[in-house]
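Q: any chance you could fold what I've pasted below:
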Amino acid sequence: MDTFEIVATAAFGVEAIVAGELRALGYENVKVDNGKVTFKADVSAISRANLWLRSADRVFVKMGEFPALTFEELFERTKALPWEDVLPENACFPVIGKSVKSKLFSVPDCQAIVKKAIVERLKKKYRRSWFDENGPRFVIEVSLLKDVATLAIDASGFGLHKRGYRQMASKAPLRETLAAALVQLSFWNPNRLLVDPFCGSGTILIEAAMIGLNMAPGLNRTFDSEKWPWISADIWKQAREEAKDAIRRDLRFRLLGYDIDGKVLKVARHNAKLAGVGDYIDFHTQSLSKFSTKRKYGCIITNPPYGERLGDRKEVEELYREMGQVFKPLDTWSLYILSPHEGFERLFGRKADRKRKLYNGRIKVDYYQFLGPKPPELNSEPESGDGPGVTSSSQ
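A: Residues are numbered from 1 along each chain as shown. Below is the predicted model:
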């Protein structure tokens, strides 16, 4: 197989960000759909997408898509796919599944049928009736949506949010992939001060620092597809070397994180150090009421406490009112605030310039964007020479 159809899955509302990341990597003809972004490329794209995608959940290699109204149809059409091209004789290939609005609603039955069909196909290729499955891992997903079956192989392994730096986290951590999306949806760039007044374990600031440095988020972890025999070690080596060479260590910028919990800030410092960005972020124990600055044209990106964390809706609403008062003097700043509260703007005392619906796990949230004026005579992008993966905004 010279060309692969590759699928990057994403949370609702983040698909366009993932598409932009793929285009920044040089891939064209990117197709955006609900919960996924699809494109065609050669085998090197499997390694590059896994290393570079910041806001995607996983990377899959699509094997086929077809209508499936009966178990027999699912079996025969699965069996017709060229599994021998991608699964070695000793492949470990568990099958997972999901079904939405389909006649074949029993996921365990669908998984078993797909597994059996693949085994029957491989029997002809390898001329054996039993497979040990003690080799590289190929997790196969059968997804049924409105009676259409899609079969794909997970090229990531662990979800892409597992960067490797967050060994310790606060009680209600924001996923790294969503944090990266929040930064990319903002108009922050390394020329502007960035502050998170509710930084917790530091995820937003760490992701921002990695974006500012053009650091590929997957550099410090491994992927299932690294052990696939038909992707040579040289391809992975080249992709990792490309990512390392693209890091902009010459850039100098500072990010500021505040939280009232000194213990969680120790976790934040530890995480930042593991991510390789500890020198770019300052963490301080401080309440919101003490926040003030004389700096102009900065950005605030934050995920303040929800009612679930504070345990009292009235307390949360009072916090939102306080935020409105504390941030009011920042008339040149741009503010980006994530909240599930439908009355946030009323409590904050200001209507957002933009609002985007997202999901923080299973919680429906809105990303409120209050846009300040464009900084005068300020370059909107880092210096020239950026490698793949850089996406900058112009506000």
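Q: how far off centre is the helix or strand that residue 61 is a member of?
A: According to DSSP states H and E, residue 61 maps onto strand 58-67. Averaging C-alpha positions (Cα atoms, centre = their mean, to the nearest Å) puts strand 58-67 19 Å from its chain's average.
Q: how about stretch 22-41?
A: Once both centres are worked out by Cα atoms, centre = their mean, stretch 22-41 turns out to sit 14 Å from its chain's centre.
Q: got the buried residues for that stretch?
A: In terms of neighbour count (16 or more other Cβ atoms under 10 Å), stretch 22-41 has its buried residues at 22, 24-25, 27, 30, 36-39, 41. C-betas here are computed from N, CA, C, even on glycine.
Q: still on that earlier bit, same question for the strand holding residue 61, mean pLDDT?
A: Mean pLDDT, computed over strand 58-67, is 98.
Q: before we move on, what about stretch 341-361?
A: 96.
Q: and it, end to end?
A: 15 Å (Cα to Cα, to the nearest Å).
Q: can you map out the strands along the stretch 51-200 of the chain?
A: Secondary structure of the stretch 51-200 of the chain by DSSP state E, counting those that start in this stretch: the strands cover 58-67, 95-100, 139-145, 148-154, 194-196.
Q: name the helices or strands packed onto the last one?
A: If contacts are counted by 3 or more Cβ pairs under 8 Å, 6 or more residues apart in numbering; DSSP states H and E, strand 194-196 sits against helix 203-212, strand 255-259, strand 299-302.
Q: ok now it, how far from the chain's centre?
A: The chain centroid and the centroid of strand 194-196 are separated by 20 Å under Cα atoms, centre = their mean.
Q: ok, which of the strands of the stretch 51-200 of the chain comes nearest residue 223?
A: Ranking the strands of the stretch 51-200 of the chain by proximity to residue 223 (Cβ to Cβ) places strand 58-67 first, at 8.1 Å.
Q: state the mean pLDDT of stretch 243-260.
A: Stretch 243-260 shows a mean pLDDT of 95.
Q: next up, the contacts around residue 320.
A: If you count contacts by Cβ atoms under 8 Å, 6 or more residues apart in numbering, residue 320 has them with 304, 339, 341, 344, 347-348.
Q: again, only using 6 Å
A: Shown in contact with residue 320 (Cβ atoms under 6 Å, 6 or more residues apart in numbering): 344, 347-348.
Q: do the same with residue 3
A: The neighbours of residue 3, taking Cβ under 6 Å, 6+ apart as the test, are residue 40.
Q: related to what we said a few turns ago, convert the strand holding residue 61 to PDB, retaining C-alpha atoms only.
A: Extracted in PDB, the C-alpha atoms of strand 58-67 (Å, rounded to 0.1, in the frame of the first residue of the first chain):
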ATOM      1  CA  ARG A  58      -6.100   9.400  18.000                       C
ATOM      2  CA  VAL A  59      -4.700   8.500  14.500                       C
ATOM      3  CA  PHE A  60      -6.200   5.600  12.600                       C
ATOM      4  CA  VAL A  61      -5.400   3.900   9.400                       C
ATOM      5  CA  LYS A  62      -8.700   3.300   7.600                       C
ATOM      6  CA  MET A  63      -9.200  -0.200   6.000                       C
ATOM      7  CA  GLY A  64     -12.600   0.100   4.600                       C
ATOM      8  CA  GLU A  65     -16.200   1.500   4.800                       C
ATOM      9  CA  PHE A  66     -19.400  -0.200   3.600                       C
ATOM     10  CA  PRO A  67     -23.100  -0.700   4.400                       C
END
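Q: in that strand, what's buried?
A: Across strand 58-67, burial judged by 16+ other Cβ under 10 Å covers 58-63.
Q: can you tell me which of those lies closest to residue 167?
A: Looking across the buried residues of strand 58-67 and measuring by Cβ to Cβ, the closest to residue 167 is residue 58, at 20.9 Å.
Q: how near is that closest one to residue 100?
A: Computed with Cβ to Cβ, to the nearest Å, the distance linking residue 58 and residue 100 is 18 Å.
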